[in-house]
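[1] Below are the sequence and a predicted model; questions follow.
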Amino acid sequence: MSAIAFSLRGKDTVFPVTKQNSDKQETPEGDTKHLPDYFIHSQQQETANFTKKTLFATAHNHNINLFPTFALYTNHIKQGKNIMDKKLLVPLFLGTAAQYALTAQESPNIVLILCDDMGFSDLGCYGSEIQTPNIDQLAENGVRFSQFKNTGRSCPSRASLVTGRYQHEVGMGWMADVDEHRPGYRGQLNKEYPTIAEILKTGGYSTYMAGKWHLTTKGAYNAPNGTYPVQRGFDRYYGCLTGGGNYYKPSPIYNNLERVTELPDDYYYTNAINDSAASFIKQHDPDNPMFLYVAHYAPHLPLQAPEHAIQKCIDRYKAGYDVLRRQRFERQKATGLVPADMELPVHDKEFNGKRPAWEELTAEQQEQWTRNMATYAAMIEIMDAGIGHIVEALEAKGMLDNTVFLFMSDNGASEEAGFLGRLMADLSNTPYRSYKQWCFQGGTSSPLILAYGNSKKNKAKGQICRQPAHIIDILPTCMALGNVPYPENYRHSDLPGMNLLPAIANKQTEPRTLFFEHQGSCAIIEGNWKLVRENRNLHWELIDLATDPFETNDLAKEMPEKAEELEAKWINWAEQHHVFPLEDKSWGERINFYLEKNPDQSGK
C-alpha cells in the first residue's frame, strides 16, 4: 500500500492509497442489471471506504468540513472514475482543505444561553430594576431584538431552538410528560431531524451542554433511549433532563450518560449549571471552535434562592407592581424598545375584567408579593453572576475575542403561582398581555441579545433590531456564524427559519409569516397583522400590531375577511405540521388519558 502525503493547516497528514488498475473496472460474476452503474470492485470499495473514514477523522481533528468534497467524490464514482487515482484524489482533497481551512480557523466559538420563564422586561437592558450587569454588558456591546418570538412554552421552544423547526414537526408539540404516540406529540425529538449540536459537529465544532434538556419523554428518564444530549450530538453534558424541580435537589441529573445521585450540601442548580459550563471551557481544546449551550432553569418555579440574595432585592419591591411597571415602561421607551408615543396598557382581560391596583391588595398580600418578587429577582441575579463567570473563563482561556454570545428566554413569565403569581408576571411581561403557555405577546415575547466577545466586531454595537425574529432562526444563525452547511447525510434541509446576521447589519429581511400553537392557544403573524385566540373554544382576535402592539383592540368583527384569510393560512400550516387534532383536556386529564391509551412510554 502506497501513500499520499500533504499538509492540512501546517500538519503533515498521510493517507494510505491502494494502487488500482484504472483502465479496468471489474464487476462480480452473474447478473448485474440490478447493480448501480457506479459499482466499484470490492477491493477498491474497501479502500475507498477506508480512505473516506480516515479523511473524515483527520478533517474533524483539523476542523475541516469535507461534506462538500464527498459530494464531488460521490459524483466522480457515479461517472465511473477511479477515485483512487492520485491525479483525482489529491486535488480533490487539497482543494477542499484550502477552501475550508481558513473558514475553520475563523469559525467563532458560540455560547448560546437560554433562561426559563423570564419575562420580556426582566433584564436591566430591557427596562428592569433587576440587576443584570453581565447580561447588560453583552447588550451594550451587541444587539438587542425588540420583536423576538418564541413558542410560548419550555419544551416546544427548546425543540425549535435545537432543530430550527416548528415544534410539532419534530414531535414536541406539547410536553415531555407523556408520549401521546401522535406524530406531533411524541414528547421528545424525532431522530430524523438533526440537532444544532449534530449539525455544528460536522463543521468541526466541539459541543457542550449544561442545564435543562427537557427534550426526552419522561418515561425514559431512568435509562438512555437515544435522545439524551450526548446521544444527540453533544460531546459533554451536565444537567437535569426534566423541566422542573427543586433547585437544591434537582432530579434526574446526568453527567453524560451517568446518573448523578449525590449532591453536596451547598448545591444550587443555577450555580452548578454555570460552574459546569465554565469547566467545559477550561477543558476545551482551543484549536477547535466551541459550541456551548447553557440552558438555565432559573427563574422557573419554585421560587428558591439563598436568603442573603433575597434580602439584597427585597426593598426594591416594596413600592408595588404599579409603580415598578410604570418605571419599566418608561425605561423601555427611553431606550427605544417600545414606541415613544405609546401609553402603558392595563390588561384587565387577564383579571376577569378588573386588574387590582397595588393599594387594593391586603397588607399580607403585599408582603407576600414583595418577598416572592424579591426571590424571583435574586434567582435572575444569581444566573447573571454565573454568566459573568463564564465570560471570565473564556477570557482566561484566550477565547473571548472569538466568541459570539446569544441570550434569550424560552417564553414569557408564568402566572402558574396563582393570583399573586399573575401579578408578578404582569410586571415581568411589561408591556405585553398574557403569560407563558398562551400565544399572546406576553407568552411569546422575550429578550434576544447577540454580541461578540470582542466589542470591535459588533457592527451595530448597542443598537436595537426591530425586525421580526423567531426562535426557529437561532439554528440557521449559528450555522451562518460557523460557516457550517446543512449536512448532506441528513434529510429535511428545508429549514423554515432564517439567518439573523443580515438583520443585525441593518439589512431588511424577507417578509414571512410566523405560526404559533400551544395547548390549543393559536396565532399567526403576517406583516403587521396578528390573529390569535386563547384556546380552541374561543373566538379569534384580529390585531393590528402597527397601532396596537399590546393587543388591546380586537378588529375581527370589523374586518372579518382579513380574519378569515389569516385563519385559512393558519389551518393550512397546522395540517402540514402535525398540529391537529387540538386538545382541550386539562393537564392531568391529558397525561392520564394518553398513559392509559399508550402504556409504552419508553420513547423508543
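    Right, received. Where do you want to start? Being a predicted model, the structure only gives us computed values, none of them experimental.
[2] what about the helices in the stretch 401-550 of the chain?
    Ranges of helices in the stretch 401-550 of the chain, per DSSP state H, counting those that start in this stretch, are 418-428, 441-444, 474-482, 501-504.
[3] what's in contact with stretch 497-506?
    Stretch 497-506 is contacted by residues 143, 145, 164-165, 450, 459-460, 463, 465, 467, 469-470, 472-477, 479-481, 509-510, 512 when judged by CB atoms under 8 Å, 6 or more residues apart in numbering. (Glycine included, C-beta is placed from N, CA and C.)
[4] now the helices of the stretch 401-550 of the chain as TSV including distance to residue 350, mean neighbour count and mean pLDDT?
    Converted to TSV, the helices of the stretch 401-550 of the chain look like this (distance: least, CB to CB, whole Å; neighbours: other CB atoms under 10 Å; pLDDT from 0 to 100):
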stretch	distance to residue 350	mean neighbour count	mean pLDDT
helix 418-428	7	21	97
helix 441-444	8	30	98
helix 474-482	29	22	98
helix 501-504	31	18	94
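[5] if we can go back for a sec, filter the contacts of stretch 497-506 down to the buried ones.
    143, 145, 164-165, 450, 460, 465, 467, 469-470, 472-477, 479, 481 (16 or more other CB atoms under 10 Å).
[6] show me the contacts for residue 424.
    Taking CB under 8 Å, 6+ apart, one finds 321, 369, 372-373, 376, 413, 415, 417 in contact with residue 424.
[7] where's it relative to residue 325, distance?
    11 Å (CB to CB, to the nearest Å).
[8] try residue 448
    22 Å.
[9] which residues in the stretch 101-250 of the chain form strands?
    Under the criterion DSSP state E, counting those that start in this stretch, strands of the stretch 101-250 of the chain are mapped to 109-115, 143-145, 148-149, 206-211, 236-240.
[10] quick one, which of the ones you listed is nearest to residue 226?
    strand 236-240 (14.1 Å; CB to CB).
[11] Take the helices of the stretch 401-550 of the chain and write them to TSV, including distance to residue 114.
    As requested, these are exported to TSV (distance: least, CB to CB, whole Å):
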stretch	distance to residue 114
helix 418-428	17
helix 441-444	15
helix 474-482	9
helix 501-504	19
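[12] And the ones you listed: which comes nearest residue 394?
    helix 474-482 (15.6 Å).
[13] In terms of secondary structure, what does that closest one contact?
    Counting contacts by 3 or more CB pairs under 8 Å, 6 or more residues apart in numbering; DSSP states H and E, helix 474-482 is packed against strand 109-115, helix 154-163, helix 196-201, strand 403-409, helix 501-504.
[14] How about the contacts made by residue 271?
    Counting by CB under 8 Å, 6+ apart, residue 271 touches 382, 386.
[15] Could you list the low-pLDDT ranges of the protein?
    1-105 (pLDDT under 70).
[16] Got the domain ranges for it?
    By the assignment in automatic domain parsing, the chain contains the domains 2-106, 109-506.
[17] Single out the most deeply packed of these.
    Mean neighbour count (mean count of other CB atoms under 10 Å) peaks for domain 109-506 among the domains of the chain, with a mean of 21.
[18] Can you give me the end-to-end span of that one?
    23 Å (CA to CA, to the nearest Å).
[19] Kindly indicate which of the contacts of residue 424 lies nearest residue 493.
    Once CB to CB is applied, the member of those that ends up nearest residue 493 is residue 413, at 35.5 Å.
[20] which ones are touching that closest one?
    If you count contacts by CB under 8 Å, 6+ apart, then residue 413 has 117-119, 122, 424-425, 428-429, 435-436, 442 around it.
[21] let's go with 10 Å and repeat that
    Applying CB atoms under 10 Å, 6 or more residues apart in numbering to residue 413 gives the contacts 117-122, 299, 376, 421-422, 424-430, 432, 435-436, 442-443, 446.
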